[in-house]
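J.: Coordinates only, no sequence provided:
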């Protein structure tokens, strides 16, 4: 037990701007980064790294990154999508970045007692994001919640790390997620953009 009684057993990273949210125009964060990349990916990357000491001290602990089956390869020559921008591409790129980060962080955390996995919780859940995007919901929030809780607390995944799930089933992400060189480039860029030191 920690001396100051502070624990963090599970971190669920679920901040998100959908493919149609916030209008069709390209928007940027206060830092000048493409908005979906900043909110959907960089914010979770930064928060996870800031909380890693507490997560490690609380081990066994888990990180769950809520991603999507909608994934688009990152163009490292134009990560902020200044050309040929669409909200769908920006959303899908940010979600693949989350998955790449999951795999990268899982490698880094081997032996620490902290696991990290990502998932597509359910398709078009009945959420504000989906409804405001003009999409007819297909799944319930409860279905997505159950999938997230499975990774957060399921005994069968307690020792699994660096994986991507569709609901509660392990599946494969976009091939770029398994490209070590691409993950290295994303990691270096992410540390640079968030101002963190890469140890």
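T.: Looks like it arrived, so ask away. It should be emphasised that the depicted structure is a prediction, and the values quoted were computed from it without experimental measurement.
J.: hey, which helix or strand in the protein has the poorest pLDDT?
T.: helix 128-132 (a mean of 62; mean pLDDT, DSSP states H and E).
J.: burial of the closest residue to residue 27 other than its chain neighbours, as a residue count?
T.: Spatial nearest neighbour of residue 27, chain neighbours left out: residue 35 (4.3 Å); criterion: Cβ to Cβ, 6 or more residues apart in numbering. Just so you know, the C-beta spots here come from the backbone N, C-alpha and C atoms, and that holds for glycine as well. As a burial measure, residue 35 scores 19 neighbours (other Cβ atoms under 10 Å).
J.: what's the answer for the one 3 residues further on, then?
T.: Residue 38 has 23 neighbouring residues, counting by other Cβ under 10 Å.
J.: Phi first, then psi, for the closest residue to it other than its chain neighbours.
T.: Computed as Cβ to Cβ, 6+ apart, the closest residue to residue 38 that is not its neighbour in sequence is residue 29, at 3.8 Å. Dihedral pair for residue 29: phi -80, psi 180, per degrees, to the nearest 10.
J.: OK, contacts around residue 29?
T.: 35, 38, 39 (Cβ atoms under 8 Å, 6 or more residues apart in numbering).
J.: for the chain, what's the longest helix?
T.: helix 87-108 (DSSP state H).
J.: And the next helix or strand past it?
T.: Following helix 87-108 in sequence order, the next helix or strand is strand 114-120 (DSSP states H and E).
J.: Listing partners with orientation, what would you give for that following strand?
T.: Strands adjacent to strand 114-120 in the sheet, as given by DSSP bridges, are strand 61-66 (parallel), strand 164-166 (parallel).
J.: Quick check: mean pLDDT of it?
T.: Mean pLDDT, strand 114-120: 97.
J.: cool, and stretch 95-105?
T.: pLDDT averaged over stretch 95-105 gives 98.
J.: Over to stretch 158-169?
T.: 97.
J.: Run the chain-centre distance for that stretch.
T.: 13 Å (Cα atoms, centre = their mean, to the nearest Å).
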